[in-house]
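J.: need a structure here:
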Amino acid sequence: MKYQLTPLENDIKNLYLTMGIYRPDQIDLEDIAFKLDIWLHEAKFKSRARSYKGMHTIVIDSRISEPEKWEHFGHEVNHILYHEGNQLNMPSSFRQFQEAKSNNFALHFCIPTFMILDSGLPYTWNEATLYVMETFNVTEPFARKRLLHFNNQVIGFEFYEALRREWSLSENNFKTNYTTTNKDYATSLFRKEYYNGEFQKNWER
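T.: Purely as a prediction, here's the structure:
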């Protein structure tokens, strides 16, 4: 499948390749922490990340399951790589923004898009969910959320590509007579085709 990685997906791919990790079976939480120069600990409280004078620490909640630990680790890695400062001193809205970004990062970090593309997915939703759970050691809700996100990304990319091809075709059709004098007419004609549904009809052929 032809698919162009987003900037985040590409950054995560490069991060994994830099660590010498190319396949899901090479993913190991402790090994990744070591390669990222992160001190890793477990304790009976909520997972968190701290950076101080260039030293990075992630504490994972020891009371949760192994898949959940991997998911929490992915979340906290984003704080280490991209965020600075103490969240306790931040406005609530900014703290929520950072958490949302970290949640999104975790989805991509724990289940890298380039590995999904390389390995492929089963055809049914339930089989794909089970495959992702077993391959990347994540929980079912996490796997389903990631697959939904990936599906939306693929649909969005395919829509963009179809739109780009249709626009390119329209430009070629007007190429011979697209002068300064008929520029406005050509543009309005394309808009008219779009709003009348002709654009969609031509696209679906």
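J.: burial of the closest residue to Leu40 other than its chain neighbours, as a residue count?
T.: With sequence-adjacent residues excluded and distances taken as CB to CB, 6 or more residues apart in numbering, Leu40 is closest to Ala33, at 4.1 Å. Where C-beta positions appear, they are placed from N, C-alpha and C, glycine not excepted. By other CB atoms under 10 Å, 21 other residues sit near Ala33.
J.: Contact partners for Ala33?
T.: 39-40, 58, 73 (CB atoms under 8 Å, 6 or more residues apart in numbering).
J.: now, which of the residues you listed lie within helices?
T.: Phe73 (DSSP state H).
J.: Name only those of the contacts of Ala33 that count as buried.
T.: Buried subset of these (neighbour count, 16 or more other CB atoms under 10 Å): 40, 58, 73.
J.: a markdown table please, covering the residues you listed and showing distance to Tyr22 and pLDDT.
T.: As requested, the buried ones among the contacts of Ala33 are arranged in a markdown table below (distance: CB to CB, whole Å; pLDDT from 0 to 100):
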| residue | distance to Tyr22 | pLDDT |
| --- | --- | --- |
| Leu40 | 22 | 96 |
| Ile58 | 24 | 97 |
| Phe73 | 19 | 98 |
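J.: just the residues you listed now: which is nearest Arg146?
T.: Phe73 (15.2 Å; CB to CB).
J.: and the gap between that closest one and His41?
T.: 11 Å (CB to CB, to the nearest Å).
J.: So for those two, which residues contact both of them?
T.: 58, 60.
J.: For Arg23, which non-adjacent residue is closest in space?
T.: Arg23's closest residue in space is Met115 (CB to CB, 6+ apart), at 6.8 Å.
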